[in-house]
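Trainee: sequence plus the predicted model coming up.
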Amino acid sequence: MTCPVTIRIQEDDFDIAREIALLTNSRTDIGAVVSFSGICRADEESAKVAALTLEHYPGMAEEEIGRHVDEATSRWPLNGVTVIHRVGRFMPGQNIVLVLTASQHRQAAFHAAEFLMDYLKTSAPFWKKEESATGTGWVEAHARDDEAAARWTKP
Amino acid sequence: MKVKYFAWVRERVGKAEETIEPPATVRTVEELIAWLSGQSEAYAHAFERPKVIRAAIDRAHVKQDAAIAGAREIAFFPPMTGG
């Protein structure tokens, strides 16, 4: 089973339909594609977010995502994976991250997409800085994200 | 060795990267954090809560008890908030 992997970190926006078409391109062995997109949200707990700036560790970010994609492809029968993470400054409503997982059946694709997103949030080296009416500050990591990632290591 | 800083660690240190030569007695990530903290107010501020700081050696996550011998690049940063 071939499982092409695309990992990109870019400032530009992505086109979900185009990325899905590239993943499934003239193949007939794929029965399911799961698509997750993370979008810049205006409403945080404290204040209205005016903009988000995403910083990353070039080199390590790609490698760390690659390590988790490798783990996902060893855990589930996947026919393709695409992970695109944008960096730069974003307004509410703009795309930040895209995860696509393709498989013969939906279950593997759903699980792998969720697994990849849980690890993207807790171990890929990206940091968000938030601008709002009350000022500018780095987003704090959430314990709920660590808990979400930890469930994949339970026996 | 080259050291890189990200997010608020970078802002507090006041630079994104530098080359350092810690003494041979500095053997682990934890000891390097303590040594850097003694270099100036800026480092002390960046590393004031050392347990919160995450580290990577040669672009892979490590725990703070990891040995730094042979490392080409060490990075310090806060817990990650991407995705």
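Mentor: Okay, I see it. Only a predicted model underlies this, so the values are computations on that prediction, with no experimental measurement involved.

Trainee: now chain A against chain B: closest residue?
Mentor: residue A:126 (2.5 Å; CB to the nearest CB). C-beta: built from backbone N, CA, C; applies to glycine.

Trainee: for chain A, see how far away residue B:34 is.
Mentor: In this view, residue B:34 and chain A are 23 Å apart by CB to the nearest CB, to the nearest Å.

Trainee: how about that residue: what's its closest non-neighbour residue?
Mentor: Spatial nearest neighbour of residue B:34, excluding adjacent residues (CB to CB, 6 or more residues apart in numbering or on different chains): residue B:50 at 7.4 Å.

Trainee: still on that earlier bit, and the closest residue to the residue of chain A closest to chain B other than its chain neighbours, how many neighbours?
Mentor: Ranked by CB to CB, 6+ apart and with sequence neighbours excluded, the top spatial neighbour of residue A:126 is residue B:82, at 2.5 Å. Residues lying near residue B:82 (other CB atoms under 10 Å in any protein chain shown) number 24.

Trainee: ok, residue B:69 next?
Mentor: 9.

Trainee: ok but it is inside a helix, no?
Mentor: No: looking at residue B:69 with DSSP: H, G, I helix; E, B strand; the rest coil, it is coil, so not inside a helix.

Trainee: could I get the phi/psi values of it?
Mentor: phi -60, psi 130 (degrees, to the nearest 10).

Trainee: tell me how far it lies from chain A.
Mentor: From residue B:69 to chain A the distance is 20 Å (CB to the nearest CB).

Trainee: what's the spacing between the closest residue to that residue other than its chain neighbours and chain A?
Mentor: The spatially closest residue to residue B:69, leaving aside those adjacent along the chain, is residue B:27, at 7.0 Å (CB to CB, 6+ apart). Going from residue B:27 to chain A by CB to the nearest CB gives 23 Å.
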